[in-house]
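[1] Sequence plus predicted model, see below.
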Amino acid sequence: MALQKLSEGEMGGVSSDTVISQEVLDDLKKQFGFDKPIHIRYFLWLKDVVQLEFGNSIVYDMPVYDVIVSKFPVSVQFGFASLFLTYLFCIPLGVAKAARDKSRFDYITSFVIFLAHSTPGFVLGILLIVFFGGGSFYNFFPIGGMHSSNYETLSAGAQLLDRIHHAILPVLCYMVSHIAVITMLMKNSLIGELSKDYIKTAKAKGVSQFWVTYKHALRNALIPIATGIGTIFKLVFTGSLLVETVFNLDGIGLLSYTSVIKRDYPVIMASVCLHSVLIMLGNIASDVALVLVDPRIDYQ
């Protein structure tokens, strides 16, 4: 415990000096392991990390592991959905833009996706709430939470539809920052492949344009897309603070922010470790995707 002595001279005639006994200091050092050499402290910390022992959250007063586990499903749900839908939408659009390069379709879609890319996710979220979430115009979508209040009473199919209904607007906001990059990367990569000599040779042999594009060029054009999946993997699964705030989603992004603001150091440490692990998993995912796209690559 700290004993405070007040003396005149500062802050309107009063200043505070905190005096802590040596016995208390020794107990604190022993509690937090500061009485051991630094290399011993490091290996003890590494052992706890491997065992997922991050201590107790100061704010939530429960194990940090349980806090992370309770928040992580929110980010995982929206992360998987946005990652899958982003690639499902952007790859065909990029191929279509490459096949119709410099056409009216190419110009119009480029304008739309760059307009979307220039709009921050949280701004788009506010606009969607105003127009479609009962703000001022239409009330098509709910604007908070993961599911409805009567979720437990619904059938399995109705529960799935209810979750999808709640996820549409947040997923759009998660996707908006990646659509333009992946679409234009797909388009430019495919255009580059279609101009190479092996494509010209295939055309000279009488191979149809469709077969040349989707059989020969597309797989090679996917290589840059595969190498970039790791970065998007990390960004998506760590959540988005602003999107989660706008849609009242209690995920990893919001947890990381509140832990910093409230100085919840055990949660901060766990969040940093989680982000590091996701970076490594993202790199592994990129390598796996690269092998699937390009069979010439062998890591053995």
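    Right, received. Where do you want to start? Please read these numbers as outputs of a predicted model, since none were measured by experiment.
[2] all contacts plus neighbour counts: C-alpha atoms, from now on.
    OK.
[3] ok, how many other residues are close to D250?
    20 (other Cα atoms under 10 Å).
[4] no no, F111
    F111 has 13 nearby residues by other Cα under 10 Å.
[5] Name the helix or strand for it, please.
    For F111, the host element (DSSP states H and E) is helix 104-117.
[6] How far away from the center of its chain is that helix?
    25 Å (Cα atoms, centre = their mean, to the nearest Å).
[7] What ranges does this protein have for its helices?
    Using DSSP state H, the helices of the chain run over 22-32, 38-50, 64-99, 104-117, 121-132, 156-194, 197-204, 209-211, 218-221, 223-227, 229-237, 241-246, 252-261, 265-293.
[8] Of those, give the one that comes closest to N150.
    Closest approach to N150 among those (Cα to Cα): helix 156-194, 9.5 Å.
[9] which parts of that closest one are buried?
    Using 16 or more other Cα atoms under 10 Å as the burial criterion, the residues of helix 156-194 that qualify are 159, 162-163, 165-180, 182-191, 193-194.
[10] what's the answer for stretch 118-134, then?
    Residues of stretch 118-134 classed as buried: G121, F122, L124, G125, I126, L128, I129, V130, F131, F132, G133 (neighbour count, 16+ other Cα under 10 Å).
[11] Stretch 248-260 now?
    In stretch 248-260, counting by 16+ other Cα under 10 Å, buried: L249, D250, G251, I252, G253, L254, L255, S256, T258, S259.
[12] Excluding its own residues, what touches it? List them.
    Stretch 248-260 has contacts (Cα atoms under 8 Å, 6 or more residues apart in numbering) with 59, 68, 71-75, 143-146, 238-245, 265, 267-268, 271.
[13] Now list the buried members of the residues you listed.
    Taking 16+ other Cα under 10 Å as the criterion, what is buried in these is 68, 71-72, 74-75, 143-146, 238-245, 265, 267-268, 271.
[14] rewinding a little: which of the buried residues of stretch 248-260 sits closest to H117?
    G253 (20.7 Å).
[15] From I229, how far off is the closest one?
    The gap separating G253 from I229 is 20 Å, by Cα to Cα, to the nearest Å.
[16] Just put the buried residues of stretch 118-134 in CSV and tack on distance to V293 and pLDDT.
    Listed next are the buried residues of stretch 118-134 as CSV, based on distance: Cα to Cα, whole Å; pLDDT from 0 to 100:
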residue, distance to V293, pLDDT
G121, 30, 80
F122, 34, 79
L124, 34, 85
G125, 34, 84
I126, 38, 86
L128, 36, 85
I129, 39, 85
V130, 42, 86
F131, 41, 85
F132, 39, 84
G133, 40, 77
